[in-house]
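In: predicted model, plus sequence, below.
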Amino acid sequence: MRILADQRVRFLAVGGVNTILGYVIYAVLAQWVFPGVPLGYLLALVISYAISISVAFVLYRRFVFEVKGNVLIDFVRFVSVYALSILANVVALPILVEGGKLNPLVAQVLVLVVTTVISFVGHKHFSFRRKDRTVPQSAATSDGAGTDPE
C-alpha cells in the first residue's frame, strides 16, 4: 500500500494500535483486577505501560523507523522517552482522578493526548534518530561528523 510508505503514517498506525492495546490492558486491570485496591488504577497503569512499551519498541524499530544497530542503546533511549510519558501520566492521572473527580478511564484518555505528543517528538528525534546517511562525502569532516558508523 502506497500510504504505508510514509513513515508518519506508519508511526501513527503503530502508535494507535499500541495506544489501544495499552488502554485495553489498563482498563481490564483497573476495572477487573484491581478495582478494590487503593490506587489500583496506578498499578494498572504501570503494568499496562510495561507491556505496551515492549510491544511498541519492536514495532517502531522494525516497521516505522527500520533501523539497524545497537538494540540495547535504542531500547534505553526508547524507555527514557516512555519514562517521561509515564511520569507525566503518573502526575496527571491522580490530579484528574482525585482532584478533578474524573473516572480513571476518562482521565486516562485525556492524559493520552499529552503523552502521545511526548512520545512522537521523543521517538522521532531521540529514540531512533540516526545521522543522515545522505550527507555528501565532501561535507563530512575529518572527525567523522556526517557519517553513521552503522
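Out: That came through fine.
In: sec struct for V37, please.
Out: Under the three-state scheme (DSSP: H, G, I helix; E, B strand; the rest coil), V37 adopts coil.
In: in the chain, what secondary structure element scores lowest on mean pLDDT?
Out: helix 104-122 (a mean of 87; mean pLDDT, DSSP states H and E).
In: for that one, packing partners?
Out: With contacts defined as 3 or more C-beta pairs under 8 Å, 6 or more residues apart in numbering; DSSP states H and E, helix 104-122 has these neighbours: helix 7-28, helix 71-94. (Glycine included, C-beta is placed from N, CA and C.)
In: only the buried residues of the shortest one, if you could.
Out: So the one you mean is helix 7-28. R10, F11, A13, V14, G15, N18, T19, G22, Y23, I25, Y26, A27 (16 or more other C-beta atoms under 10 Å).
In: quick one: pLDDT of the second one?
Out: Think F11. At F11, the predicted lDDT confidence score is 84.
In: now for it: which residues touch it?
Out: When contacts are counted by C-beta atoms under 8 Å, 6 or more residues apart in numbering, F11 touches Y60, V64, F120, H123, K124.
In: can you tell me what sits against stretch 60-74?
Out: Outside stretch 60-74, the residues within contact range by C-beta under 8 Å, 6+ apart are Q7, R10, F11, V14, F57, F78, H123, S127, F128, R130, E150.
In: hmm, who's touching stretch 19-28?
Out: Defining contact as C-beta under 8 Å, 6+ apart, one finds that stretch 19-28 is touched by 44-45, 47-49, 51-52, 55, 105, 108-109, 112, 116.
In: shaky segments in this structure?
Out: 132-150 (pLDDT under 70).
In: so which residue is smack in the middle of this protein?
Out: Nearest to the mean C-alpha position of the chain, by C-alpha atoms, centre = their mean, lies S119 at 4.6 Å.
In: that one and Y49, how far apart?
Out: Note on S119: its distance to Y49, by C-beta to C-beta, to the nearest Å, is 11 Å.
In: which neighbours do the two share?
Out: Y82.
In: wait, G100 sits on A107?
Out: Yes. If you go by C-beta atoms under 8 Å, G100 and A107 touch, sitting 7.2 Å apart.
In: which of those two has more neighbours?
Out: Legend: neighbour count by other C-beta atoms under 10 Å for G100 and A107, higher for A107 (21 against 12).
In: noted, bye for now.
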